[in-house]
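Undergrad: what would the 3D arrangement of this be:
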Amino acid sequence: MAAKRRRRPRKVPLPPVALKSPVVKEDLPLRWVYYPEHYGTFIGFAKTANSKPVLCACTEGAVRNCLALALAGVRTQIYHRGDLRVLRLPSQDFPSRLVRVALGKDVDPMTWLRFESKLCHRCNVATPSLRFCHEMYGEKFKQGYGWYINQAAYRLGANPVWPQCIDDVTPEEIVTKITELKRLQDRKPETRTKVLDVSKDSPHFVEEVGGWPAEVFADPESEKELQRSAARLRRELQNYFENIAREEFGFRRVGEGWVSESLLFKIVCRVLPETETISSLPVRLSARW
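TA: Model (predicted):
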C-alpha cells in the first residue's frame, strides 16, 4: 500500500498594506476605520463610511504634540491644486478625510477634532485588519501595529521620523539621543571634499551620473563610523518607542520573544460575552534584569 503524501500547510496570505488612506470595516465600537496615509500615525473611527471620523481619546496628548512639532517646521506645507498652502494638520499623519477638512479651516485643529473614549485597537485589545508596512520594511509587530509605535513617540513629544522633540515633554534620555542623532546628521561639510576631476580617466568618474562632480569623504573610515553611530542611535530610539507599544498590546519587549496574554484575553471575552472582563495588559510590568 502506497504511503500517503503529507500535504504542506497552506500559506495564509498576509493582509494588505494600508496605502492611500483606506477606509475599512472592523469589529470595533465604531466599525468604520479610517487609516492614515502610508506610514502615518493616527487612525479615525466612524459609525458609517461617509461620516466624519473621530479619534480615540487616548491619542489626544499625542495629537497635541504632533501639531506642536509640525508648527516647528516639519511637514507643514503641501501642494494643493497648484498652490503651496500651509496645512495645520500634517497630511502624512492623519486620515485624508480629516486632512481635506483641515484645508478649509485656518484655525487650530484641536478646536474641531473630536475625541471619544475606547475606540482604537489598543483600547479594545484588537488587531488592525491592514498592515502598516510591507514585510520587507519591518518585522511582524511593526507590520501589524506601526501606527501605535508612532503614537507612542508623539505621546513622548518626539517625532518618530525626524530627530526632533519637545524638550519640556520628552524624557531627558530621549532628548539626549535625539540631540546626538541630529548632530551626527547635520555634521559640518568640512568632513567632505569635492572631486573636480571628472574625466573618464579619473577613478572618481561615475557613469550613472554622466560624470558630474561627485563627492568623496576626506576620511572614509571616519565617515563610516559616523554613519554607524547614527544608525545605532536611530535604532535605539525606534526600539524605545516600539517597546512602549508592545507592552500596551501585551507583547514582550524587542528581543524577548512573544507572549499569548492578548490572545487569551480575546478568547475569554468571546467565551464569556456577558461577563465584564478586565485586562491588565496596558499596565503589565516587565522585570529589569
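Undergrad: switch to C-alpha atoms for all contacts and neighbour counts from now on
TA: Will do.
Undergrad: tell me the helix or strand right after the host helix or strand of N150.
TA: In this assignment (DSSP states H and E), N150 forms part of helix 140-155. Under the assignment DSSP H and E, the closest C-terminal helix or strand after helix 140-155 is helix 172-185.
Undergrad: tell me what that following helix is packed against?
TA: The contact analysis (3 or more CA pairs under 8 Å, 6 or more residues apart in numbering; DSSP states H and E) places helix 172-185 against helix 220-248.
Undergrad: just say helix, strand or coil for the nearest residue to S96 once chain neighbours are set aside.
TA: Spatial nearest neighbour of S96, excluding adjacent residues (CA to CA, 6 or more residues apart in numbering): S21 at 5.9 Å. Secondary structure, DSSP: H, G, I helix; E, B strand; the rest coil: S21 is coil.
Undergrad: would you agree S21 is in contact with Y39?
TA: No - judged on CA atoms under 8 Å, S21 makes no contact with Y39 at a distance of 10.0 Å.
Undergrad: and the residue nearest to S96, backbone torsions?
TA: phi 50, psi 60 (degrees, to the nearest 10).
Undergrad: against R5, how distant is it?
TA: Distance, S21 to R5, by CA to CA, to the nearest Å: 45 Å.
Undergrad: when those two are compared, which one has more neighbours?
TA: S21 (20 against 6; other CA atoms under 10 Å).
Undergrad: check contacts around the more buried one.
TA: Y34, Y35, P36, E37, H38, P95, S96 (CA atoms under 8 Å, 6 or more residues apart in numbering).
Undergrad: you'd agree A49 is up against E26?
TA: No - using CA under 8 Å, A49 is not in contact with E26, being 11.5 Å away.
Undergrad: shared neighbours of these two, which are they?
TA: W32.
Undergrad: so what pLDDT did the residue at minimal distance from the centre of the chain get?
TA: In the chain, the centroid-proximal residue (CA atoms, centre = their mean) is N150; its distance is 3.6 Å. Here the pLDDT value assigned to N150 is 97.
Undergrad: wait, it sits on N243?
TA: No - using CA under 8 Å, N150 is not in contact with N243; the gap is 11.5 Å.
Undergrad: okay, now the residue nearest to K20 when sequence neighbours are not counted: neighbour count?
TA: The spatially closest residue to K20, leaving aside those adjacent along the chain, is E37, at 5.1 Å (CA to CA, 6+ apart). Residues lying near E37 (other CA under 10 Å) number 21.
Undergrad: show me what contacts E37?
TA: E37 neighbours (CA under 8 Å, 6+ apart): A18, L19, K20, S21, P22, S91, Q92, D93, F94, P95, S96.
Undergrad: confirm it sits in a helix?
TA: No - looking at E37 with three-state DSSP, it is coil, so not inside a helix.
Undergrad: tell me the spacing between it and W112.
TA: Taking CA to CA, one finds E37 at 21 Å from W112.
Undergrad: equivalent analysis for R235, please.
TA: In terms of CA to CA, R235 sits 36 Å off from W112.
Undergrad: what of A72?
TA: 21 Å.
Undergrad: ok, G157 next?
TA: When G157 is compared with W112 (using CA to CA), they lie 22 Å apart.
Undergrad: compare the two (neighbour count), which wins?
TA: G157 (27 against 11).
Undergrad: that one reaches C66, doesn't it?
TA: Yes - between G157 and C66 a contact is recorded at 7.5 Å, counting by CA under 8 Å.
Undergrad: mind listing what's buried in stretch 225-243?
TA: Buried positions in stretch 225-243, judged by neighbour count with 16 or more other CA atoms under 10 Å: L226, A230, L233, R234, L237, Q238, N239, Y240, F241, E242, N243.
Undergrad: now the residues you listed as a markdown table including distance to T176 and pLDDT?
TA: A markdown table is the format used below for the buried residues of stretch 225-243 (distance: CA to CA, whole Å; pLDDT from 0 to 100):
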| residue | distance to T176 | pLDDT |
| --- | --- | --- |
| L226 | 17 | 82 |
| A230 | 13 | 89 |
| L233 | 10 | 93 |
| R234 | 12 | 93 |
| L237 | 11 | 95 |
| Q238 | 14 | 95 |
| N239 | 16 | 95 |
| Y240 | 13 | 96 |
| F241 | 15 | 97 |
| E242 | 18 | 96 |
| N243 | 19 | 95 |
